[in-house]
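>>> Starting from these lines, generate the structure:
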Amino acid sequence: MFENLLESLKIFTELSISPKLSKSLKGNLSPFLFVIKPMSKILLYNPKSAVAKHRIPNSLMNIAASIDGMYEWVIVDGNREEHPYEKLKSYLNTGEFKYIGFTVMPGPQAKQAIPFSKKIKEEFPDTIMIWGGYFPTNHYKVVLNSGYVDFVINGPGDHAFPQLIDALEYNKPYHLIKNIIYKSSDSIIKNGKEDLIEQDDLPPLPYNKLNELYSVNKYLGKTYLGNKTLAYHSSIGCPFTCSFCAVVPTYEARWKAKSAHHVYNDIKYIKDKWGADAIEFHDNNFFVSEKRIVEFSKLIKPEKMNWWGMARIDTMHKFKDESLSLIREAGCKIIFFGAESGNDKVLHQLDKGGTQTGEQIIHFAERLKKFDIIPEYSFVLGTPAPTPEEVMAQIDFDINFIKKVKSVNPKTEIVLYTYSPVPAEGSELYKEVLASGFEYPKKLEDWISPQWERFDLRKNPLTPWLTQEMIDKIRNFETVLNGYYPTVSDIRLNDKKRKLMKLIAGLRYKINFYQYPYEIKLLQRMWKYRQPEIQGF
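Numbering: from 1, shown residues only. Okay, the predicted model is just below:
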């Protein structure tokens, strides 16, 4: 009998066990525990994305929740580390971390993720490198062809990531695991998409474990909304298919949300434990369901927390007046809307969908005044057109349209982007973009060049149909606009500075003279003026 037990243990040593299983076995097999090989650990990395006001790395927290109790994991936050690569290396040097997952947004995060991933593969070649996020989802070919990223999570990783780790850990096939993309020989294999998961069924985020690594208090920054602002995701996806939006290839017009009670309970927990007093909802479209928002507003109202979220104009324009009034009473101060353009033809070109029109954009900005909710409208200028004259005419049209919006509701916040192509396969706009001669970088390392980083921030699109004169016109108008109407979200800008900047920019704004606004740029540079689309609130 003893020989049979030893033979069983010999077989058992070839397996890996989870921390939970290890604990349950200690009482029965403690004399033999030394022969058990521990499971590989998982390192999760959040590349640096901002210089201040760091948010909880929610995407990685979802992944951590999906493997918690099955695998040991650690998060390294590039926003919170002075020497992040050395921190990563200190874990990898232990030999215990076989898998490393990066969440990668385009722009600043790619700037750190690309060289770090390459260096890790050179120094630790047996490490399995897994990327997730909008950048690898939209540009998986250049990512996988780099030679140092092994897998891409194509969309939500709540099921895909633990299933992939299990397959790799136990040497099982992964060709049927949904939401993953990988290389096999010289071919790229893109597995099928998984149906969106019911969000209430997901495990709770491991805030307490995060707090052991990085103080949660330091993720609750001072913003326009409050002194301790929480970043939170209550839903995934969006039910629309705008051809300029990076969300569309990931979620394909699908949306799933946590229930109002679930959202409230999560926020109440953070408020009670760490003192959060405001919320930024980072959902792609927080206000899809009026019923859910009304229910949440009733729940959160007694907590006296300010909050912000993103929405569509045509969706919220259908909300009842009593719903909008309740939303404001419940603490909603400002809502981000993708206005995109006042030209109905351009809205159609952008596949905006729904019922949004230029007239509706104006009317809704005016409507929100009586509820004291600030509309934050973003516009996309510089869309392609058959001739340069038509491109310039469209830019002029939207500049004048933005001034109309400001005339009906001066509190409307304006965010300006230049159109940057998104690889929305099959869309007419993307076909038009490719026909113009536009090309993405062929090598992953090229994405971190200065011009492509600006592209990712939608400030310098590198598109063939935009001339330097056009780009200058957009940027100069933006400077004058921000001078005459400084954003309310820059909490460091006092009343005296606002009045002086408005005075200096006033004449330019009124007579439509936007060229060479050096005096305004000087003030903005001196006072470190914050643009919310780049630096957040």
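>>> host element of residue 149?
In this assignment (DSSP states H and E), residue 149 forms part of neither any helix nor any strand.
>>> Could you do residue 308 as well?
strand 306-311.
>>> which residues are in contact with the host helix or strand of residue 110?
Take DSSP H and E as the rule and residue 110 turns out to sit in helix 108-123. Defining contact as CB atoms under 8 Å, 6 or more residues apart in numbering, one finds that helix 108-123 is touched by 45, 47-50, 78, 84-85, 88-89, 92, 100, 102-104, 127, 129, 131, 133, 135, 146-149, 444-445, 447-448, 453, 456. For glycine as for every other residue, the C-beta is placed from the backbone atoms N, C-alpha and C.
>>> hmm, back to that, give me the distance from the strand holding residue 308 to the chain's centre.
Mean C-alpha position of strand 306-311 versus that of the full chain (CA atoms, centre = their mean, to the nearest Å) differs by 15 Å.
>>> Show me what that strand is packed up against.
For strand 306-311, the packing partners by 3 or more CB pairs under 8 Å, 6 or more residues apart in numbering; DSSP states H and E come out as strand 278-281, strand 332-340.
>>> Kindly export the helix or strand just after the longest one (C-alpha atoms) in PDB.
This points to strand 332-340. Next along the chain after strand 332-340, taking DSSP H and E as the criterion, comes helix 344-349. C-alpha atoms of helix 344-349 as PDB (Å, rounded to 0.1, in the frame of the first residue of the first chain):
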ATOM      1  CA  ASP A 344     -25.200  65.400 -41.200                       C
ATOM      2  CA  LYS A 345     -23.300  64.200 -44.300                       C
ATOM      3  CA  VAL A 346     -20.100  63.700 -42.200                       C
ATOM      4  CA  LEU A 347     -22.100  61.900 -39.400                       C
ATOM      5  CA  HIS A 348     -23.200  59.500 -42.100                       C
ATOM      6  CA  GLN A 349     -19.700  59.100 -43.400                       C
END
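>>> Can you list the neighbours in contact with helix 344-349?
340, 341, 356, 357, 358, 383, 394, 398, 428, 429.
>>> quick one: which of those residues is nearest residue 312?
residue 356 (7.0 Å; CB to CB).
>>> quick one: contacts for the closest residue to residue 246 other than its chain neighbours?
Leaving aside its sequence neighbours, residue 246 sits nearest to residue 134 (CB to CB, 6 or more residues apart in numbering; 4.7 Å). By CB under 8 Å, 6+ apart, the contact list for residue 134 reads 104, 105, 106, 246, 247, 250.
>>> From those, pick the one nearest residue 309.
Distances from residue 309 to the contacts of residue 134, taken by CB to CB, are shortest for residue 247, at 14.9 Å.
>>> The closest one: what's it in contact with?
So, once contact is read as CB under 8 Å, 6+ apart, residue 247 ends up touching 134, 237, 238, 284.
>>> Okay, it and residue 105: tell me how far apart.
Distance, residue 247 to residue 105, by CB to CB, to the nearest Å: 12 Å.
>>> Give me the residue ranges of the protein where confidence is low.
1-38, 425-426, 453-461, 533-537 (pLDDT under 70).
>>> could I get stretch 410-417 in CSV with only the CA atoms?
Taking C-alpha atoms only, stretch 410-417 is exported to CSV below (Å, rounded to 0.1, in the frame of the first residue of the first chain):
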residue,chain,number,x,y,z
PRO,A,410,-21.5,78.6,-23.1
LYS,A,411,-20.8,76.0,-20.4
THR,A,412,-20.5,73.3,-23.1
GLU,A,413,-17.0,71.8,-22.9
ILE,A,414,-15.4,71.2,-26.3
VAL,A,415,-12.8,68.5,-27.1
LEU,A,416,-11.2,68.6,-30.5
TYR,A,417,-9.7,65.6,-32.3
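>>> which residues are contacting that stretch?
334, 336, 365, 369, 374-381, 402, 405-406, 458-459, 474, 477-478, 481, 485, 487-489, 531-533.
>>> On the C-terminal side of the helix or strand harbouring residue 379, identify the next helix or strand.
Under the criterion of DSSP H and E, residue 379 resides in strand 374-381. Using DSSP H and E, the helix or strand that follows strand 374-381 in sequence is helix 388-408.
>>> partners of the following helix or strand past that next one in the sheet?
Using DSSP H and E, the helix or strand that follows helix 388-408 towards the C-terminus is strand 413-418. Take DSSP bridges as the rule and strand 413-418 pairs in its sheet with strand 374-381 (parallel).
>>> Check the offset of the partner strand from the chain's centre.
The answer for strand 374-381 is 18 Å, by CA atoms, centre = their mean.
>>> which residues touch that strand?
244, 333-341, 350, 361, 364-365, 368, 394-395, 398-399, 402, 405, 409, 411-419, 458, 474, 488, 532-533.
>>> ok, now with 7 Å
Outside strand 374-381, the residues within contact range by CB atoms under 7 Å, 6 or more residues apart in numbering are 244, 333-341, 350, 365, 368, 395, 398, 402, 405, 409, 411-419, 474, 488.
>>> tell me the angle it makes with helix 388-408.
On the basis of axes from the mean of the first three to the mean of the last three CA atoms, to 10 degrees, strand 374-381 is oriented at 170 degrees to helix 388-408.
>>> could I have strand 374-381 exported to CSV, CA atoms only?
Provided in CSV are the C-alpha atoms of strand 374-381 (Å, rounded to 0.1, in the frame of the first residue of the first chain):
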residue,chain,number,x,y,z
ILE,A,374,-22.4,70.3,-18.4
PRO,A,375,-22.3,68.6,-21.8
GLU,A,376,-18.7,67.8,-22.9
TYR,A,377,-18.9,67.5,-26.7
SER,A,378,-16.0,66.0,-28.7
PHE,A,379,-15.6,66.8,-32.4
VAL,A,380,-13.7,64.9,-35.0
LEU,A,381,-12.2,67.3,-37.7
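>>> ok, back up a step: can you redo the helices and strands packed on strand 306-311 as CSV with distance to residue 524 and mean neighbour count?
Supplementary listing: these in CSV, determined by distance: least, CB to CB, whole Å; neighbours: other CB atoms under 10 Å:
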stretch, distance to residue 524, mean neighbour count
strand 278-281, 24, 24
strand 332-340, 21, 24
